[in-house]
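>>> Attaching a predicted model along with its sequence, questions to come.
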Amino acid sequence: MAGLAQYSIFFENPLLTETIKEVPVPATFIGQEYLPAVESYEMEWHETVIERQADMANIVDNGAELPLTDRDPMSTVSGQIVDMGQSYIVDKKELGALLDKGNAQRRLIAEKQLLGKTATVKSNIDARVEWMRWQALGSGALTYNKDGIILGVDFKVPSGNKKIAGTKWDDINPTILADLELWNQSYVDLNGMTPDDFVCGISIIRTIMNDAGVRLGVTGLTNKLLTIEELNAFLRGRQMAPLRAFDTSVTYRDVNNNGVRVSQRLLSAKVGVFLVRGSMIGEQIMGPTIENKMNPGIYARTFTQERPMREIVEVVASSFPKVKEPKLIMPCTVML
């Protein structure tokens, strides 16, 4: 055994990893509803995807030879899973409490506190995975350039899917309902289905509810206040996607700026995006890690670092969005 596992069974594997995996993903991280997590042993993927699922069968005479159809056109999807991780340094005070053989209660409290710190590190991994999801879902491209790690991925969302309101919704005399109807219909025409959600920030939703044209269309009055329930009932009644509020942000240390903590929205406050739930858009691949002997999924461990000697708690993972149907993503720039 190594690291804290020498002093407490709670830091032995597989118990430590199993315990950390039970830490729930924050409820505000809704990306898994559109790109669900799937474990894989692959570090790279290059595969073909059917562009259209099926053509309706022909009607034929009884006993006639069945007509042949061409093979479905195929597109390719490829990518490479990237590693991520975070460590926590156990200080002397925490280690001293863990090694206190004369006070079992003190040791128990120290174990709980360290497990809590490890759970926080796991949640930070979840945040990076969610950030990746919304790079794909919110803009159709992932850009990362930190500490010598450079990523630039285009998920091939069709240019025609990237809508821009002719008059921004927070400008004078916007045509919000007309825009929503046009974009919903465009989504249906392209995909043969209605989107499940129009995901956007609360500021966009309030702008919609406060618009006189929207109020008139929904209630018949320009000065009657709207609720989100009333607005969504109206949209559903018009065969349009309901609005779903999403304002989640993540905080990280900017390694390009002396480790200053920076907050970043996962979805731009200026953008709403039409999406379908489930795995039709694609998957968030959780790949293998060296630390976990090339097995997939989040993995936790402890180890001892020499000179200076200290104990380290570490959580690692590898992940990347696999977008199979980019045309199911329709981002719309609606605010100034």
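On my side now, so go ahead.
>>> Doesn't Thr118 belong to a strand?
No - counting by DSSP: H, G, I helix; E, B strand; the rest coil, one finds Thr118 to be helix, located in no strand.
>>> So what's the residue count around it?
24 (other CB atoms under 10 Å). The way it works is simple: take the backbone N, C-alpha and C, and place the C-beta from them, glycine included.
>>> Does it touch Val313 like I think?
Yes - Thr118 lies in contact with Val313 (CB atoms under 8 Å); the separation is 5.0 Å.
>>> Pull up the overlap in contacts between those two.
Residues touching both Thr118 and Val313 (CB atoms under 8 Å, 6 or more residues apart in numbering) are Tyr88, Ala300.
>>> Tell me the secondary structure of Ile66, please.
Careful, residue 66 is Leu; it's not Ile. Using three-state DSSP, the structure places Leu66 in coil.
>>> How about it: what's its closest non-neighbour residue?
Excluding its sequence neighbours, the residue lying closest to Leu66 (CB to CB, 6 or more residues apart in numbering) is Val60, at 6.2 Å.
>>> Point to the helix or strand of the chain where mean pLDDT is at its lowest.
strand 44-50 (a mean of 71; mean pLDDT, DSSP states H and E).
>>> Helix, strand, or coil at the residue nearest to Leu66?
coil.
>>> can I assume it is in contact with Leu68?
No - taking CB under 8 Å as the definition, Val60 is not a contact partner of Leu68, at 12.0 Å.
>>> Those two: which has the busier surroundings?
Neighbour totals were compared for Val60 and Leu68, and Val60 leads with 10 against 5 (other CB under 10 Å).
>>> Please report phi then psi for that one.
Val60 adopts backbone torsions of phi -130, psi 160, taken as degrees, to the nearest 10.
>>> Repeat that for Val129.
Backbone torsions of Val129, given as degrees, to the nearest 10, read phi -60, psi -40.
>>> All the strands of the stretch 1-150 of the chain, residue numbers only.
37-39, 44-50, 74-80, 82-90, 141-146, 149-154 (DSSP state E, counting those that start in this stretch).
>>> and the longest one, how far out from the chain's middle?
Centroid separation between strand 82-90 and its chain, computed with CA atoms, centre = their mean, to the nearest Å, is 20 Å.
>>> now do the third one
How far strand 74-80 lies from its chain's middle: 19 Å, per CA atoms, centre = their mean.
>>> Check which helices and strands it is in contact with.
Here strand 74-80 touches strand 44-50, strand 310-323, going by 3 or more CB pairs under 8 Å, 6 or more residues apart in numbering; DSSP states H and E.
>>> Tell me which of the ones you listed lies nearest to Val82.
Nearest to Val82, of all those, is strand 310-323, at 5.8 Å by CB to CB.
>>> Now the closest one: average pLDDT?
The predicted model assigns strand 310-323 a mean pLDDT of 94.
>>> Please apply the same query to stretch 285-297.
94.
>>> May I have the distance across that stretch, first residue to last?
Across its full length, stretch 285-297 reaches 9 Å between end residues, using CA to CA, to the nearest Å.
>>> May I see the buried residues of that stretch?
Applying a neighbour-count criterion of 16 or more other CB atoms under 10 Å, the buried positions in stretch 285-297 are Ile285, Met286, Gly287, Pro288, Thr289, Glu291, Asn292, Pro296, Gly297.
>>> Show the contacting residues for the last one.
Spelled out, that is Gly297. Gly297 is in contact with Lys21, Glu39, Met286, Ala317, counting by CB under 8 Å, 6+ apart.
>>> the strands in the stretch 151-300 of the chain, which residues?
163-164, 197-200, 243-245, 249-254, 260-265, 271-275, 282-286, 288-289, 295-296, 299-305.
>>> Centre of the chain to the fifth one, how far?
Translated: strand 260-265. That offset, for strand 260-265, works out to 17 Å (CA atoms, centre = their mean).
>>> same question, the third one
Centre-to-centre, strand 243-245 and its host chain are 16 Å apart (CA atoms, centre = their mean).
>>> quick revisit: determine which stretch of the helices and strands packed on strand 74-80 is the most buried.
strand 310-323 (a mean of 22; mean count of other CB atoms under 10 Å).
>>> Let me know the next secondary structure element after that one.
For strand 310-323, the succeeding helix or strand toward the C-terminus, using DSSP states H and E, is strand 330-333.
>>> Mind giving me the packing neighbours of that next one?
Using 3+ CB pairs under 8 Å, 6+ apart: strand 330-333 touches strand 163-164, helix 176-191, strand 271-275.
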